[in-house]
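>>> test case, fold it:
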Amino acid sequence: MKFIIPTKMPSLNQVNNANRSHYFVGAKLKREIEDIIGWAIKDAVGKRELWAVTKYPCIVNVTFYEKNRKRDLDNIMSNNKFILDALQQFNILKGDGQKYVGELNNKVVSKAADWFVEVEILENE
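Residues are numbered from 1 along each chain as shown. Have a look, this model is predicted:
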């Protein structure tokens, strides 16, 4: 099962700068990111493209599509935390520990037409 997050996710540097400026600024940014991911999850559930995982541990593949190559890979991939937290919050995953997520794979595709993130979840067979 897959779903798309149709936005440019913030870099780790942006998150760190927000956290350093003031606790509430960092908390607001985290909430905004998780809201965007939450809407993508709700949309996919409504279309029956996404449902609660029942066979653990699962594999989560995350592909970040970037318009250019300006951002560091580690800054892009730091968004895994927000994605896994949102999947847990919306009851797609029971948890985000190794008991529930056996593999977390990342890929970055540069020079895409637009910024977005594709998340694929493969249940254990």
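>>> who's in contact with the helix or strand N16 falls within?
When elements are defined using DSSP states H and E, N16 is found to belong to helix 12-21. For helix 12-21, the surrounding residues in contact (C-beta atoms under 8 Å, 6 or more residues apart in numbering) are 25-26, 28-30, 74-75, 78. C-betas here are computed from N, CA, C, even on glycine.
>>> which elements pack onto the helix or strand just after that helix?
For helix 12-21, the succeeding helix or strand toward the C-terminus, using DSSP H and E, is helix 23-46. Contact partners of helix 23-46 among helices and strands, from 3 or more C-beta pairs under 8 Å, 6 or more residues apart in numbering; DSSP states H and E: strand 2-5, helix 12-21, helix 80-89.
>>> in stretch 20-40, what's buried?
Of the residues in stretch 20-40, those buried by neighbour count under the rule 16 or more other C-beta atoms under 10 Å are 26, 29-30, 33-34, 36-38, 40.
>>> hmm, back to that, can you tell which of the helices and strands packed on helix 23-46 is closest to K70?
Proximity of the helices and strands packed on helix 23-46 to K70 was assessed by C-beta to C-beta; the nearest stretch is helix 12-21, lying at 11.7 Å.
>>> can you redo the helices and strands packed on helix 23-46 as TSV with mean pLDDT and distance to L50?
Formatted as TSV, the entries for those read as follows, by pLDDT from 0 to 100; distance: least, C-beta to C-beta, whole Å:
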stretch	mean pLDDT	distance to L50
strand 2-5	98	5
helix 12-21	93	25
helix 80-89	96	9
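>>> now the ones you listed in a markdown table, with distance to I59?
Formatted as a markdown table, the entries for the helices and strands packed on helix 23-46 read as follows, by distance: least, C-beta to C-beta, whole Å:
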| stretch | distance to I59 |
| --- | --- |
| strand 2-5 | 12 |
| helix 12-21 | 23 |
| helix 80-89 | 13 |
